[in-house]
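In: okay, sequence plus prediction incoming.
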Amino acid sequence: MPHQVLAPLTDQIRSMSRDEFCAANRRNWDERVAIHRRDATGFYAVERFLAGEKRLHAIDSGELGEIAGFDQ
C-alpha cells in the first residue's frame with residue numbers, strides 16, 4: 001500500500017488508547033472468524049479439532065496454552 005493510504009490509519013491507531021486499540025483489534029478478528037470457521041478447504045480441520053483430535057503444531061500449542069472452555 002502506498003504510504004499516503006497508510007498514514008491516516010497509522011495516525012488513527014496512534015490516537016487510540018490501549019483499550020480502544022484492543023477493542024478495535026478484537027472486532028477486526030471477530031469479523032474474520034466466520035470465514036475461517038467455515039473451513040471450506042479443510043485446512044483448519046475445525047471439526048476434527050473440536051472432536052478432540054490434537055492437530056496443532058507444538059509451537060502453536062505452546063503459545064496457546066490450555067484452551068479448554070474457550071468454545072462457550
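Out: Received it, and whenever you're ready, just let me know what you need.

In: list the buried residues of the longest helix seen in the chain.
Out: Criterion DSSP state H: the longest helix present in the chain is helix 18-38. Within helix 18-38, no residue counts as buried by 16 or more other CB atoms under 10 Å. All C-beta spots, glycine's among them, are computed from the backbone N, C-alpha and C.

In: which elements pack onto the next helix or strand after it?
Out: Following the chain from helix 18-38 toward its C-terminal end, the next helix or strand by DSSP states H and E is helix 46-50. In terms of contacts (3 or more CB pairs under 8 Å, 6 or more residues apart in numbering; DSSP states H and E), helix 46-50 is not packed against any helix or strand.

In: what does helix 46-50 rub up against?
Out: Contact partners of helix 46-50, identified using CB atoms under 8 Å, 6 or more residues apart in numbering, comprise 37, 39, 55, 56, 71.

In: again with stretch 14-30
Out: When contacts are taken as CB under 8 Å, 6+ apart, the neighbours of stretch 14-30 outside the stretch itself are residue 13.

In: could you give the average pLDDT over that stretch?
Out: Averaging pLDDT along stretch 14-30 yields 92.

In: export only the CA atoms of that stretch, formatted as PDB.
Out: C-alpha atoms of stretch 14-30 as PDB (Å, rounded to 0.1, in the frame of the first residue of the first chain):
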ATOM      1  CA  ARG A  14      -1.700   6.200  17.500                       C
ATOM      2  CA  SER A  15      -4.600   8.400  18.800                       C
ATOM      3  CA  MET A  16      -6.300   5.400  20.400                       C
ATOM      4  CA  SER A  17      -6.000   4.400  24.000                       C
ATOM      5  CA  ARG A  18      -4.800   0.800  24.700                       C
ATOM      6  CA  ASP A  19      -8.300  -0.300  25.500                       C
ATOM      7  CA  GLU A  20      -9.700   1.300  22.300                       C
ATOM      8  CA  PHE A  21      -7.000  -0.400  20.200                       C
ATOM      9  CA  CYS A  22      -7.600  -3.800  21.800                       C
ATOM     10  CA  ALA A  23     -11.400  -3.500  21.300                       C
ATOM     11  CA  ALA A  24     -10.900  -2.500  17.600                       C
ATOM     12  CA  ASN A  25      -8.400  -5.300  17.100                       C
ATOM     13  CA  ARG A  26     -10.800  -7.800  18.700                       C
ATOM     14  CA  ARG A  27     -13.700  -6.600  16.400                       C
ATOM     15  CA  ASN A  28     -11.400  -7.000  13.400                       C
ATOM     16  CA  TRP A  29     -10.600 -10.600  14.200                       C
ATOM     17  CA  ASP A  30     -14.200 -11.400  15.300                       C
END
